[in-house]
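1. from the sequence below, what's the structure:
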Amino acid sequence: MGNQLENLVQSIKSKVRALKKSKKPYEKMDKSPSVKVEIRSKKARKLIDKTLKLADSTGKRTIC
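-> Coordinates of the predicted model:
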């Protein structure tokens, strides 16, 4: 019984080591056109909000 358990443990350890070694490095994926448009529109929305906020405030301020 003890010998079988040792064999099982060794087998699991070797499989885990093999999985760690065979792990492929992360590959960065390109953004799809729709994601690029969404990112651009979010940035534009933030800029518009910032501009409107500065325009509504009193006093003279410049946009940075």
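2. rest of the way, CA atoms for contacts and neighbours
-> Fine.
3. the residue positioned nearest the centre of the chain in helix, strand or coil?
-> In the chain, the centroid-proximal residue (C-alpha atoms, centre = their mean) is residue 28; its distance is 9.7 Å. Under DSSP: H, G, I helix; E, B strand; the rest coil, the three-state class of residue 28 is coil.
4. CA atoms only: put the helix or strand that contains residue 15 into PDB for me.
-> For residue 15, the host element (DSSP states H and E) is helix 2-22. Extracted in PDB, the C-alpha atoms of helix 2-22 (Å, rounded to 0.1, in the frame of the first residue of the first chain):
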ATOM      1  CA  GLY A   2       2.800   2.400   0.900                       C
ATOM      2  CA  ASN A   3       4.700   1.700  -2.200                       C
ATOM      3  CA  GLN A   4       1.600   2.400  -4.400                       C
ATOM      4  CA  LEU A   5       1.100   5.700  -2.600                       C
ATOM      5  CA  GLU A   6       4.800   6.700  -3.200                       C
ATOM      6  CA  ASN A   7       4.400   5.800  -6.900                       C
ATOM      7  CA  LEU A   8       1.300   7.900  -7.100                       C
ATOM      8  CA  VAL A   9       2.900  10.900  -5.400                       C
ATOM      9  CA  GLN A  10       6.000  10.600  -7.700                       C
ATOM     10  CA  SER A  11       3.700  10.400 -10.700                       C
ATOM     11  CA  ILE A  12       1.800  13.500  -9.700                       C
ATOM     12  CA  LYS A  13       5.000  15.400  -9.000                       C
ATOM     13  CA  SER A  14       6.400  14.600 -12.400                       C
ATOM     14  CA  LYS A  15       3.200  15.600 -14.200                       C
ATOM     15  CA  VAL A  16       3.100  18.900 -12.300                       C
ATOM     16  CA  ARG A  17       6.800  19.600 -13.300                       C
ATOM     17  CA  ALA A  18       6.000  18.700 -16.900                       C
ATOM     18  CA  LEU A  19       3.100  21.100 -16.900                       C
ATOM     19  CA  LYS A  20       5.200  23.900 -15.500                       C
ATOM     20  CA  LYS A  21       7.900  23.400 -18.100                       C
ATOM     21  CA  SER A  22       5.500  23.200 -21.100                       C
END
